[in-house]
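Student: Here you go, sequence then predicted model.
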Amino acid sequence: MRLGIDVGGTFTDLYAYDPKTNVEVVAKVPTSSDLKSGVFSVIEKAKIDIKQVEYFTHGSTICTNAIIQRTCPITSLIMTEGVQDLLVMGRYHRRHLYDPYQQRPEPLVKRRYIYGVPERINYAGEVIKELDKQKAKEVSRRIKELGTKSACVAFKNSYANPSHEEQMKDILKEDNPDLFVSLSSTIPKIREFKRFTTATARAMLWSVMAQYVKELEEELVKRGFEGKIWFVANNGGMIEAEFAIERPELMLLSGPAAGIAGALHTAENIERESILTMDMGGTSCDVSIIEGKELLMTTEFELDFDMPLNVPSVDIKTIGAGGGSIAWVDEGGSLRVGPQSAGAIPGPVCYGRGGEEATVTDANLLLGRLGVDSLLEGGIRLDVELARRAIGKIAQALSLDIMETARGIIRIVNENMAAAIRRVSIERGRDPRNFPLLTYGAAGPMHAASIAEIVGIPEVIIHSNAGVLSAFGCTAVDIKHDYERTFYSPVAKIDLEELNKAYTSLDNEGQKVLEKDRIPEQDIELTRKAMMRYIGQTYEVETPLSSGKVTREKLNQLVEDFHIAHKKEYGFLRRDAPVAIVDLRSTLTGKLGKAPLLAYEEGKKEPDYAIKERREVFFESTGPTKTPIYSGEKLNPGNIVEGPAVVEWRDFTAVIPPKRFAKMDKFRNMTIKI
């Protein structure tokens, strides 16, 4: 059995597939402050026999929460003397160009825990000034007195020569053998700010991740678990728990990446090469792109504003737009929605658990898109009067009708999500009108059709497991490792022998790890990328390179592919301009058996048998309309549902606008034609 669990901001979701019985199990519980208790609560609710589980794959927010909330234990940072303020100063970027009162986010490490040690290595790896070992030992003693569990060593140009960082690590470990030491030289790429930020995040998160995995593993073993624990990583693959502890910075997009991995697996099965994805849960909305059956990647993911992470990550845009997003009136008297959220506790006002501020879910309830008798996960019944009272306060402040205010809340949150879709597509040279939209998350299917109309997207695909797709994605990932290094050279002067040596070295690193994971050679897939730019540019374009020995012909093809990729991303190319390679990447994937999309036979053609009731639902084009409410579980492949309609599944609801229609496919996914 393969078991996937995703811990979200509002709910903890479970999806399991048993290949022996061809049965899938789905469950959901509210996320608790102790994330592990939610994991075991959802296992108990699903009645999973943990002894039957071979792969336990986890999408977790443990690292994300620790960084955002700055709850990591104190970490020491040792830097080249003279540049200790680099992480505090950042890159002088401004979040808001004309706001004179803006402040930078709190630095990862407070200034008093940053120490300088005299040393200097140049860009070519040549030692200009030897490491001052006396000062290094003084710093080591101070760190031991401080009692920190982890430290980061970040020396200038260590990517070209790691010797000084390794010497510093030896000195630290001599005084404190149990200290975890993160070296920036293990990220052998130029641009020290990104490298230092990444290495620092690793040191900060190490003890958080180690403690979480230890406690999780102990409880699982106590319950009879004999399989392996895996975590979904930023790149949309999975890594073993031991590696996740060593490299916790790879876990910062764990949950959202699991959802996109599930979307990719779905796209392959429904024969869509390229899709937009939208995951709208209770707290946030994540949007991304799958193109040519591949995840769109980036190396520009930021922990916070101007805190970049130097690892390949799925390109995801996240905004504070979810079912629990709070509606409020700003100082100028305008209606706003989010990014604040009511979260799982207390949740939207209509849950009746103490919430007082109107949310998107309360507005959907007033507009009839959610039913008064809807029974949510955990036995929560919705209270329309509580929702009316909360939205009434907003309406009074705006001098508007209550229903008009509810419509305004929905329109604003839809426009916010449409803007996020435009950013993730148009900013990377893609026209969103050429992509279908695959939506998931408990709230996504309710809003997707309206968002598609705003953006001009031709069709919306609602996954049959939309409410738990990130957990489903945990069972649909392969083992995946990325290895990178800087290899700067103008293409015209490139040494092919050195280039081949560099790629072979990266390939071998990945091979060793997959051998440790016991992946057969025939199940290992190698892909290579080169980060390239026109000489003089300050940004690179990721360009694919075929595996095997790099010849002059392959290099010429690489340059041509770069021109084409540059035009797609930025709208122009210049074949007369000299081109340089900056960084190299090898990605090794260990192919595993994935939980399949279960196919069903066509049933009754007319869907009327699945109608549960009819109620008044508000639509922008028709106003209040008597609308059929369908049971999603009862609809069969081949059924066509004409709008206006609402389709309710056990853990999510889909809205089909007037003059649109939706069709169920053989996997019981629903496609709405826009």
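Tutor: Right, received. Where do you want to start?

Student: Secondary structure element holding the nearest residue to Ile48 once chain neighbours are set aside?
Tutor: Spatial nearest neighbour of Ile48, excluding adjacent residues (C-beta to C-beta, 6 or more residues apart in numbering): Ala16 at 5.7 Å. No exception for glycine: its C-beta is placed from N, CA and C like everyone else's. If you go by DSSP states H and E, Ala16 is part of strand 11-18.

Student: for Ile290, same thing?
Tutor: Judged by DSSP H and E, Ile290 forms part of strand 285-291.

Student: Helix or strand next in line after that strand, which one?
Tutor: That would be, after strand 285-291 and using DSSP H and E, strand 294-295.

Student: Show me what that next one is packed up against.
Tutor: With contacts defined as 3 or more C-beta pairs under 8 Å, 6 or more residues apart in numbering; DSSP states H and E, the packing partners of strand 294-295 are helix 254-269.

Student: how about the helix it packs on: buried residues?
Tutor: For helix 254-269, a neighbour-count test (16 or more other C-beta atoms under 10 Å) marks 254-267, 269 as buried.

Student: State the mean pLDDT of whichever helix or strand comes after that helix.
Tutor: Using DSSP H and E, the helix or strand that follows helix 254-269 towards the C-terminus is strand 275-280. Strand 275-280 comes out with an average pLDDT of 94.

Student: how close does the residue lying closest to Tyr55 once chain neighbours are set aside sit to Gly441?
Tutor: With sequence-adjacent residues excluded and distances taken as C-beta to C-beta, 6+ apart, Tyr55 is closest to Arg2, at 4.7 Å. Between Arg2 and Gly441 the computed distance is 21 Å (C-beta to C-beta, to the nearest Å).

Student: For those two, indicate the residue with more neighbours.
Tutor: Gly441 (32 against 23; other C-beta atoms under 10 Å).

Student: need the contact list for the more buried one.
Tutor: Going by C-beta atoms under 8 Å, 6 or more residues apart in numbering, Gly441 touches Gly259, Met278, Asp279, Met280, Gly281, Cys285, Gly322, Ala466, Gly467, Leu469, Phe652.

Student: neighbours of the fifth one, just the number please.
Tutor: Yep, that's Gly281 we're talking about. Using other C-beta under 10 Å, Gly281 is surrounded by 28 other residues.

Student: And for Ala420?
Tutor: Neighbour count of Ala420, defined by other C-beta under 10 Å: 21.

Student: Return the list of strands paired to the helix or strand where Ile629 lies, each annotated with direction.
Tutor: Using DSSP H and E, Ile629 maps to strand 623-631. Partner strands for strand 623-631, per DSSP bridges, with pairing direction: strand 611-619 (antiparallel), strand 645-648 (parallel).

Student: Could you identify which of those is most buried?
Tutor: Mean neighbour count (mean count of other C-beta atoms under 10 Å) peaks for strand 645-648 among those, with a mean of 24.

Student: Quick check: Val221 vs Tyr600, distance?
Tutor: From Val221 to Tyr600 the distance is 37 Å (C-beta to C-beta).

Student: out of the two, which sits in the more crowded spot?
Tutor: Using other C-beta under 10 Å, the more surrounded residue of Val221 and Tyr600 is Tyr600, with 14 against 11.

Student: one step back: give me every residue that touches the residue nearest to Tyr55.
Tutor: Shown in contact with Arg2 (C-beta under 8 Å, 6+ apart): Ala16, Tyr17, Pro19, Val53, Glu54, Tyr55, Thr57, Thr475, Ala595.

Student: Taking these together, which two end up most distant?
Tutor: Across the contacts of Arg2, the longest distance by C-beta to C-beta is 15.0 Å; it joins Pro19 and Thr57.

Student: more neighbours, those two?
Tutor: Shown here are Pro19 and Thr57; by other C-beta under 10 Å, Thr57 has more neighbours (26 against 12).

Student: For the more buried one, list each beta-bridge partner.
Tutor: Per DSSP bridges, the residues bridged to Thr57 are Gly4, Trp230.

Student: Which stretches in the stretch 101-250 of the chain count as strands?
Tutor: For the stretch 101-250 of the chain, strands defined by DSSP state E, counting those that start in this stretch occupy the ranges 114-117, 120-121, 127-129, 150-154, 180-183, 228-232, 238-240.

Student: With respect to burial, which of these scores highest?
Tutor: Of all the strands of the stretch 101-250 of the chain, strand 150-154 has the most neighbours on average by mean count of other C-beta under 10 Å, namely a mean of 28.

Student: Which elements pack onto it?
Tutor: Packing partners of strand 150-154 (3+ C-beta pairs under 8 Å, 6+ apart): strand 75-80, helix 163-175, strand 180-183, helix 192-222.

Student: would you turn the ones you listed into CSV with distance to Glu138 and mean pLDDT?
Tutor: Listed next are the helices and strands packed on strand 150-154 as CSV, based on distance: least, C-beta to C-beta, whole Å; pLDDT from 0 to 100:
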stretch, distance to Glu138, mean pLDDT
strand 75-80, 11, 96
helix 163-175, 10, 96
strand 180-183, 17, 96
helix 192-222, 20, 93
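
Student: highest average neighbour count across those?
Tutor: Using mean count of other C-beta under 10 Å, the stretch among the helices and strands packed on strand 150-154 with the largest mean neighbour count is strand 75-80, at a mean of 25.
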